[in-house]
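K.L.:
what would the 3D arrangement of this be:
(one chain, ligands or ions: 1)
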Amino acid sequence: MKKILIIEDEPNIRELVTYNLKTNGYEPLEAEDGITGITLVYKEKPDLILLDIMLPGKDGYDICRELRSEGNNTPIIMLTAKSEEVDKVLGLEFGADDYISKPFGVRELMARIKAVLRRYGLTEEEGDVKKSEDTVIAGDISINFDRHEVLVCGEKVELTMKEFELLGFLARNRGIAFSRDELLDRVWGIDYPGETRTIDVHIRYIRKKLGNGADEDKYIKTIRGKGYKLK
Ligand code: CA
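P.N.:
Next up, the predicted model:
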């Protein structure tokens, strides 16, 4: 069972996350301040850390920087408050792996945890023994879910986390058309407050990065009145 440490001073969030970690098959560990958090990192060796930024005493940035400078590479997902837009960027520069803005939906959080663990090859489904790599091939496109890597005709393409997840979802369900609402629910999580336009923007970027040339529908096809599918 993967251990996940949450370092968060707000008891409501800590309890909610802890409860949901448990029901999703993880072993939760809790710390309400940075010093306790760091102690637990070394004592319990969690597989992933959920790290709040605004903490009493040592804040999330300090903790992240301290762990990384000591050579600790435990995956870290930063929890940022909405007003801390800048913190998102900073958080990643401090050596975090991902961030999630408060308030967040439980489904989105679980999806992020899973995605980050997967990137580190720490997914639960296959236990601790890694089998052959999880790859989906769709025409010219090859998507490696273990390495979080996309190749088009053998050339590596850099996608953001969400672009990867969106393309990955379409690839796993190749040939099936999904509406924008369905894609938002499935990729961003049902509680995500975003708009369906988000999907169009991401699709546009993915298409550009995959290299459509003149043919917009070359890889991802627009289905009128419905949404998108991967050819
Ligand atoms: Ca806080």
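K.L.:
what helix or strand does the closest residue to the ion within the chain sit in?
P.N.:
Ranking the residues of the chain by distance to the ion (CB to the ion) places residue 54 first, at 4.0 Å. For glycine as for every other residue, the C-beta is placed from the backbone atoms N, C-alpha and C. Using DSSP states H and E, residue 54 sits within no helix or strand.
K.L.:
okay, now it: neighbour count?
P.N.:
15 (other CB atoms under 10 Å).
K.L.:
next one: residue 116
P.N.:
Count around residue 116 with other CB under 10 Å applied: 20.
K.L.:
repeat for residue 160
P.N.:
12.
K.L.:
which ones are touching it?
P.N.:
Shown in contact with residue 160 (CB atoms under 8 Å, 6 or more residues apart in numbering): residue 205.
K.L.:
could you do residue 106 as well?
P.N.:
16, 20, 191.
K.L.:
show me which residues of the protein sit near the ion.
P.N.:
9, 52, 54 (CB under 5 Å from the ion).
K.L.:
could you redo the last one with a cut-off of 6 Å?
P.N.:
Contact residues (CB under 6 Å from the ion) of the chain with the ion: 9-10, 52, 54-55.
K.L.:
select from those the one having the most neighbours.
P.N.:
Most neighbours among the residues of the chain next to the ion, by other CB under 10 Å: residue 52, with 25 neighbours.
K.L.:
can you give me the neighbour number for the nearest residue to that one once chain neighbours are set aside?
P.N.:
Leaving out its chain neighbours, the residue that sits closest to residue 52 by CB to CB, 6 or more residues apart in numbering is residue 8, at 4.2 Å. A count of nearby residues for residue 8, using other CB under 10 Å, gives 27.
K.L.:
model confidence score at residue 8, please.
P.N.:
Here, the pLDDT recorded for residue 8 equals 97.
K.L.:
from here on, count from 48
P.N.:
With 48 as the first residue, the last one maps to residue 55.
K.L.:
pretty sure it is touching residue 61, no?
P.N.:
Yes: with contact defined as CB atoms under 8 Å, residue 55 counts as touching residue 61 (4.6 Å).
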